[in-house]
Structure formats: C-alpha cells, structure tokens
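Novice: Return a 3D structure for these sequence lines:
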Amino acid sequence: MGATGDEVVKALLTDSDRFPFDGEDFGICRAAGVALVEMPGHDPDDLSRAARDADAIFLYYASAPRELIEQLESCRVLARCGTGYEKIDVEAARKRGIEVIYVPDYGIDDVSDHTIALLLACARKLVLSDRAVRSGSWPAYQDLAPMHR
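Specialist: Model (predicted):
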C-alpha cells in the first residue's frame, strides 16, 4: 500500500466518536496521500458498508471477523489500535493478503497511572470517605484505620 502520484489511499477510522484523530494525525495522513474516513461507533453493518472499499482500517472496539474480511475489496492493512488483535480473524486476513498490525505499548502510561491512582484510593479509603461525605456525615477514624503516613 502506498500513495504515488495522484493515487489516494482510503483509510477508515472506527470509533471516531470516542477516539478521534487530531489535526496532526490528519496532516500526517494527507501528506502520505491517505484520505481518512471517520466512522462513529463500530456497528457491524455500518462497518461492513464503510470498510468495503477501504485500503486500511483502524480498529478500536470494532471486530473484524471472517465474514467482514471476506467482503473487503481492497484492504491491505487492518490496524488494531490497542495491545492485541483478538477481535480480528488473523488467519482469514492473511489468506486474503491483508497485514494485521497492532500497538503493543498502547495505553501503558494510562494504565500505570490508573493503577497507582487506584492503589492510593484503596490505601486512603477514598470511596468510603466520599460516600460518607456525600451523605452528610464524616467517616470515623476507626472506619479509615489504619492510616499510613
């Protein structure tokens, strides 16, 4: 796959309502001769219609089962925007000459930040304290103990 001369490559972005590309992403696509088509959500019927003539598909939550892959007329790349490709029938894609790729380090900073935040929330019993305060009371020290400094 590649754009030479006036050739334009069509790439479909699923779940664009939740994971939109920004201006820089669009600029990179334009410079590479890629026309990016955004698809809100990942309804299988909508995906089937939108993906039929796409050269590449960026998949977030969407699945690419054999039935979909067999309908793809010009797809060369299925790009899973995440850490695995369990939602893609890799065997069916490879039989049709479609490359399947993913992002092995997708979200690792977000996941590690969230893990630390949850550990701190547990250590400080934030949910218990929040619920008590929202109901108009204040948690007793005994409810929060042991409190580690």
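
Novice: What strand or helix carries V100?
Specialist: strand 99-102 (DSSP states H and E).

Novice: got the contact list for that strand?
Specialist: Strand 99-102 has contacts (CB atoms under 8 Å, 6 or more residues apart in numbering) with 76-85, 88, 90, 93-94. Placement of C-beta: from N, CA and C, glycine included.

Novice: Can I have the buried ones of these as a ChimeraX selection?
Specialist: Typed into ChimeraX, the line below selects the buried ones among the contacts of strand 99-102, using 16 or more other CB atoms under 10 Å:
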select :76,77,78,79,80,81,82,85,88,93
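
Novice: export the contacts of strand 99-102 to JSON lines and tack on secondary structure?
Specialist: Below are those laid out as JSON lines (DSSP: H, G, I helix; E, B strand; the rest coil):
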{"residue": "R76", "secondary structure": "coil"}
{"residue": "V77", "secondary structure": "strand"}
{"residue": "L78", "secondary structure": "strand"}
{"residue": "A79", "secondary structure": "strand"}
{"residue": "R80", "secondary structure": "strand"}
{"residue": "C81", "secondary structure": "coil"}
{"residue": "G82", "secondary structure": "coil"}
{"residue": "T83", "secondary structure": "coil"}
{"residue": "G84", "secondary structure": "coil"}
{"residue": "Y85", "secondary structure": "coil"}
{"residue": "I88", "secondary structure": "strand"}
{"residue": "V90", "secondary structure": "helix"}
{"residue": "A93", "secondary structure": "helix"}
{"residue": "R94", "secondary structure": "helix"}
